[in-house]
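[1] Quick check, what structure comes out for this input:
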Amino acid sequence: MPPQPLEITLPIVVRTYDIDFAGIVSNIVYIRWLEDLRLQMLAEYFPLDAAMQTLNIAPVLLRTEIDYKRAIRLFDAVQGRMWLAEAGPVRQVLAAEFTVAGRLHAAARQTTCFIDRTNGHPVPTPAAIRSQAPHPLRPVFAKHPGRG
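    Here you go, the predicted structure:
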């Protein structure tokens with residue numbers, strides 16, 4: 001499979017404190033892993049120090065969706081992968097997967113945007129990110145034909 005825009009891959013170590021009472025990785029841990037992936041993606045492709053200090057903008061998370069396919073357990077060798085799926089004028093959608101031995105265990109999507117650090121208002125997607133987008137961002141709620 002060819003690399004996706006802004007793609008990063010990280011090995012993820014399952015820690016004892018990641019495991020819940022059922023002996024599997026707790027759902028909340030996937031949120032932390034997504035944040036690790038997102039921060040690594042930014043570090044490699046759009047460093048936060050430049051964004052925050054030079055451009056006075058900061059990334060914020062608007063939405064996270066996770067589809068849990070198979071349980072992940074202690075000692076599983078997890079690979080986390082994230083990439084830019086879509087970018088629009090203001091919002092970006094990141095896609096992610098967590099695999100063990102090549103099998104998909106969870107898939108996720110995150111909607112993000114950047115805000116002006118002074119007033120907290122959304123700002124346009126930085127050109128360095130938008131230029132890498134494979135598809136324009138589609139509206140979440142499309143108008144129904146004939147209903148306006």
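[2] show me what contacts the residue nearest the centre of the chain?
    For the chain, residue 94 is the residue whose C-alpha lies nearest the centre (C-alpha atoms, centre = their mean; 4.1 Å). Contacts for residue 94 (C-beta atoms under 8 Å, 6 or more residues apart in numbering) come out as 38, 41, 82-85, 109-112. From N, CA and C alone the C-beta is placed, and that goes for glycine too.
[3] average pLDDT for the longest helix along the chain?
    In the chain, ranked by residue count with DSSP state H as the criterion, the top helix is helix 27-45. Regarding helix 27-45, the rounded mean pLDDT is 97.
[4] what's the spacing between that helix and its chain's center?
    7 Å (C-alpha atoms, centre = their mean, to the nearest Å).
[5] ends of stretch 42-58, how far apart?
    With C-alpha to C-alpha, to the nearest Å applied, stretch 42-58 spans 11 Å between its terminal residues.
[6] Of all the residues in stretch 107-120, which ones are buried?
    108-115 (16 or more other C-beta atoms under 10 Å).
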